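Novice: Sequence plus predicted model, see below.
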Amino acid sequence: MTGNQYKPCGTIDHGLGRRQFMGEFLTTAHVSAGALVGTSLFSHPLGAGQLAANGRSIVVVYLNGGISQFESWDPKSDLETGGPFRSIATSVPGIHISELLPKTAQQLHHMALIRSVSTDLDDHGLANNLVRSGRTTRSATEYPELGAVVAKGLERPDFPLPGHITTMVGGVGGRANNAAYLGPRYASVAVGAEKGGIVNTQLPEGLTVAVDSRRHDWRRFVNSRHRSRVQSAEMDAYTQTFEQALRLMEHRELFDISQETDAVQHAYGKSEFGKQMLLARRLVEREVPFIEIQHAGWDFHHNNFEFHLHYVADFDGPFAHFLTDLQQRGLLERTLVLVMTEFGRTPTINAGYGRDHYPKAWSIAAAGCGIQHSAVIGSTDAKGIEVTERKVDHRHLFHTWLRAVGIDSSGHFEIGGRKYPIADPAFGPVEELLA
Amino acid sequence: MTIQPDTFDPRAARPLSDWAWTAKLLCCRVDPTGRCVVAGAIDHTIQRWDIATGNRTSLIGHANWVRTLAFSPDGNTLHSGACDGRWIAWDIAAEVPQPLQTIEAHAGWVRGLAVSHDGQQVVTCGNDRAVRVWRATDGKLLRTLAGHPHIPYCVQFVPGTFEVVSGDIVGNIFHWHADSDQPARKLDAAEIYSHVGDLAPFGGIISLTFSPCGKRITASGLHKVSNAPAGNRRAVALSFDWATGEKLPKQECLRKDLDATMWRAIYHSGGTLIGIIEKEIGFWNPGEEDVFHLVPTPEHIFDCDLHPNQTDLYTAHFDGHVRALRLK
């Protein structure tokens, strides 16, 4: 599945907007500034080397478009708002989730549910930015997304892979603009899970490794000479991208899930999502700090129940097996797994039997390291309209995820002589969610 | 009851009754003797209205959304199917109808249900992809018809026989003979099937109905999908010659741009096709592609049925109302 193709609302939120364009410009500008002054970007006492020692990772499964909390983590039996799906018992006594998640229900003892997320934006693009950056989007500053912050925070010297990877099935990959002032080094790199891993990484026929190596040596020489005379953020970004691409090529086998046994591939399933989850497990094994899997198209303004019947089933099996696999391999104790989305869906069922955008009361699920297992944070009322207990928002959660993997979210980045708090300093983590 | 199709005139449509319930309605049927109309609701109830008086009675027995209803030919038994997976038979003539029998018919939702011409058999289909034929009197399972590659959405008996037709959500119509558990033939209606990504089917065979002479079978649903999660689609009916399986011209609403699924299409005894299109009711002459008339209603319609007098059309609405139009 290539998630960015969906525009169910018919908006242009997923297109290149002004902020994104400006972000691109500012990103390169910040890189330039950082390079010019040569500062350490991570000035908090909790240094990058210390963090890297624990090999922690965050895996985000991003359900793009807004999964319904009613049909997943916070089912209701209310006749008006609850919908036709029932709740089922889980591996944690007393906690029930939607019947659409029977396999995940058996993994809930590794998980925590946050049922009291309340935000205030119901536009896809803005809400995406909100939950990914842990900040309000109403400020003039572009903030790095969670993946970029984690890639920076868990960075270690000589790590050969990008620290911030987004998986995909097909496509040619590429680098996103989501690291803001941290620079493109920490922006997400999209890689595939099919066709033997990352595409377009084989040398053209007739081009030997030795000749290719000389080409790159020549490129480095020319770049270096030019760099000594002209400061160019754009060139720095390109140089960094070239070098990272070369490192990726050297590790292309990592992205080839066909190297797994048939039994393992079968266990994850043949779906696009299953293949991406398997790739994510391989990346976790290699201690990639941040991996995102996109499962897109959840914006069901129409036919919500029929679509959730199929979509949640597609999610349930591979996700549950992913947790099992991590646990059996001893990886879950150093991996935080998050099931995120940009907002929930309305308690009101519309005339197309759909649910619309609803940021007021929704849910996120987490599993793995650094969090309380079997926990349920907060609650909503019987109809799912209001948060009735422990209201939290994207800013609390951003702190929480960082703390769960050992990054002190009260620290700051120092770039070009200016201090940037790692997370919104007016907020803190959800302490009772942390292990 | 005397049928007077010559008096049928949709252009003369006028409101006849409007009865309200508190929950959204998903389905409705009119008693073949013309005494009552029933509707299934998302509050797990079935509501019965006496057509002569408008008095309402609740039928309590299901534990989830009531999706499908069918009367026995004598009108004494109502059969219902719901998202609780149950088929319930009701003594519908009773003052307060109670379940005569409750059968766990399918794993997951019961999607469709129909009664044979003699009332002796009931056929159901559900989320477990099975089509099941039952003895109506005691709920004994007679046959399980497996073969649909995806969820069958609706079922019918071939008029006057125990043969079954079933339509699924990926556009297959299967014809099952009474003496075989294997489909005798398949009609391909994939053109009224769409999907979201590779994951979720959208559309398919939403309803099936035979023309009055039995020579044509008509599937209703949707096509021309431009954005499924947002509901951008057009309503359509697709017919086949029943004897040859030949596909006949589609019937849709060309004169008005309506985002709609045709949740049900039925035939008037005179041959006019009646289809519900969002908030409107469309009428097609046999063989004509576009509607010859549209009748607007106040709310989204999810099911409809004709009174045996063939002039009163009852519709179940999203706002919990059952409305009736007199079409003459």
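Specialist: That came through fine. Computed from a predicted model, the values in this text were never measured in an experiment.
Novice: residue in chain B nearest to chain A?
Specialist: The shortest separation between chain B and chain A is 2.9 Å, found at B:Gly231 (distances taken as CB to the nearest CB). Where you see a C-beta, it was placed from the backbone N, CA and C, and this is true even at glycine.
Novice: Pull up the gap between that residue and A:Ala351, please.
Specialist: 9 Å (CB to CB, to the nearest Å).
Novice: can you pull the pLDDT of the nearest residue to the residue of chain B closest to chain A once chain neighbours are set aside?
Specialist: Spatial nearest neighbour of B:Gly231, excluding adjacent residues (CB to CB, 6 or more residues apart in numbering or on different chains): A:His302 at 2.9 Å. According to the per-residue confidence, A:His302 scores 95 in pLDDT.
Novice: What count of nearby residues applies to B:Arg14?
Specialist: With neighbours defined by other CB atoms under 10 Å in any protein chain shown, the count for B:Arg14 comes to 9.
Novice: Which of the helices or strands spans residue 214?
Specialist: You didn't pick a chain, so chain A it is. Using DSSP states H and E, A:Arg214 maps to helix A:209-227.
Novice: And that helix, what does it pack against?
Specialist: On a contact count with 3 or more CB pairs under 8 Å, 6 or more residues apart in numbering or on different chains; DSSP states H and E, helix A:209-227 meets helix A:233-250.
Novice: List the buried residues for the helix it packs on?
Specialist: A:233, A:236-237, A:239-241, A:244-245, A:248 (16 or more other CB atoms under 10 Å in any protein chain shown).
Novice: Would you mind identifying the helix or strand in the chain with the lowest mean pLDDT?
Specialist: With no chain named, the answer covers chain A. Evaluated with mean pLDDT, DSSP states H and E, the helix-and-strand set of chain A has its lowest mean pLDDT in helix A:18-37, which scores a mean of 34.
Novice: Can you look at chain B instead?
Specialist: Across the helices and strands of chain B, the lowest-confidence element by mean pLDDT, DSSP H and E is strand B:193-196, at a mean of 88.
Novice: Centre of the chain to the helix or strand following that one, how far?
Specialist: If you walk from strand B:193-196 toward the C-terminus, the next helix or strand you reach (DSSP H and E) is strand B:200-203. When C-alpha coordinates are averaged (CA atoms, centre = their mean, to the nearest Å), strand B:200-203 and its chain have centres 18 Å apart.
Novice: Also stretch B:84-92?
Specialist: In terms of CA atoms, centre = their mean, the centre of stretch B:84-92 is set 16 Å apart from its chain centre.
Novice: and that stretch, which residues are buried?
Specialist: Taking 16+ other CB under 10 Å as the basis for neighbour counts, the residues of stretch B:84-92 that come out buried are B:84-90, B:92.
Novice: for stretch B:134-152, same thing?
Specialist: B:134, B:136, B:139, B:143, B:145, B:147-148, B:151-152.
Novice: re earlier: quick one: contacts for the residue nearest to B:Gly231?
Specialist: A:350, A:352-354, B:228-231 (CB atoms under 8 Å, 6 or more residues apart in numbering or on different chains).
Novice: how about the residues of chain A near chain B?
Specialist: Taking CB under 8 Å from any CB of the partner chain as the measure of proximity, chain A contacts chain B at A:1, A:6-10, A:65, A:79-80, A:84, A:86, A:272, A:296-303, A:306-307, A:309-311, A:314, A:349, A:351-352, A:354.
Novice: Provide a list of residues in contact with the residue lying closest to B:Thr33 once chain neighbours are set aside.
Specialist: Excluding its sequence neighbours, the residue lying closest to B:Thr33 (CB to CB, 6+ apart) is B:Gly75, at 3.9 Å. The contact partners of B:Gly75, taken as CB under 8 Å, 6+ apart, are B:31-33, B:35, B:92-93.
Novice: List only buried entries from these.
Specialist: Among these, those scoring as buried are B:31-32, B:92 (criterion: 16+ other CB under 10 Å).
Novice: what residue ranges in chain B are flagged as low confidence?
Specialist: Within chain B, the set of residues satisfying pLDDT under 70 comprises B:1-6.
Novice: could you point out the longest strand in it?
Specialist: With residue count as the measure and DSSP state E as the assignment, chain B has strand B:216-227 as its longest strand.
Novice: Partner strands of that one and their direction?
Specialist: Based on DSSP bridges, the strands next to strand B:216-227 in the sheet, each with its direction, are strand B:207-210 (antiparallel), strand B:232-241 (antiparallel).
Novice: circling back: pull out the buried residues from the least confident helix or strand of chain B.
Specialist: Going by neighbour count (16+ other CB under 10 Å), the buried part of strand B:193-196 is B:193-196.
Novice: try stretch B:42-55
Specialist: So for stretch B:42-55, counting by 16+ other CB under 10 Å, buried means B:42-49, B:51.
Novice: Repeat that for stretch A:183-195.
Specialist: Judged by neighbour count using 16+ other CB under 10 Å, the buried positions of stretch A:183-195 are A:183-194.
Novice: before we move on, what about stretch B:258-272?
Specialist: Of the residues in stretch B:258-272, those buried by neighbour count under the rule 16+ other CB under 10 Å are B:258-268, B:272.
Novice: cool, stretch A:346-360 as well?
Specialist: Of all the residues in stretch A:346-360, those buried under the rule 16+ other CB under 10 Å are A:346-347, A:349, A:351-360.
Novice: Now for A:His110: which residues touch it?
Specialist: Here A:His110 is in contact with A:323, A:327, A:332, A:367-368, A:373 (criterion: CB under 8 Å, 6+ apart).
Novice: Ramachandran angles for it?
Specialist: phi -100, psi 0 (degrees, to the nearest 10).
Novice: got a list of what the residue lying closest to it once chain neighbours are set aside touches?
Specialist: Ranked by CB to CB, 6+ apart and with sequence neighbours excluded, the top spatial neighbour of A:His110 is A:Ala367, at 4.9 Å. If a contact means CB under 8 Å, 6+ apart, then A:Ala367 has A:107, A:110-112, A:323, A:332, A:336-338, A:373 as its contacts.
Novice: Of those, which belong to strands?
Specialist: Mapping the contacts of A:Ala367 onto strands (DSSP E) picks out A:111-112, A:336-338.
Novice: And the strands in the stretch 1-150 of chain B?
Specialist: With DSSP state E, counting those that start in this stretch, the ranges of strands along the stretch 1-150 of chain B come out as B:14-20, B:25-30, B:36-41, B:46-50, B:56-59, B:66-71, B:77-82, B:86-91, B:99-104, B:110-115, B:121-126, B:131-135, B:141-145.
Novice: Is the first one in proximity to chain A?
Specialist: I take that to be strand B:14-20. No. Residues of strand B:14-20 contacting chain A under CB under 8 Å from any CB: none, with a closest distance of 15.4 Å.
Novice: and that strand, what other elements does it pack with?
Specialist: Packed against strand B:14-20, as judged by 3+ CB pairs under 8 Å, 6+ apart, are the following elements: strand B:321-326.
Novice: Now do the strand it packs on against strand B:36-41, angle only.
Specialist: Here strand B:321-326 points in a direction 140 degrees away from that of strand B:36-41 (axes from the mean of the first three to the mean of the last three CA atoms, to 10 degrees).
Novice: and strand B:321-326, how far from the chain's centre?
Specialist: A distance of 16 Å separates the C-alpha centroid of strand B:321-326 from that of its chain, computed with CA atoms, centre = their mean.
Novice: got it, and stretch A:220-235?
Specialist: 33 Å.
Novice: Give me the mean pLDDT for that stretch.
Specialist: Per-residue pLDDT over stretch A:220-235 has a mean of 81.
Novice: next one: stretch A:329-336
Specialist: 97.
Novice: can you give me the end-to-end distance of that stretch?
Specialist: The stretch stretch A:329-336 measures 14 Å between its terminal residues, going by CA to CA, to the nearest Å.
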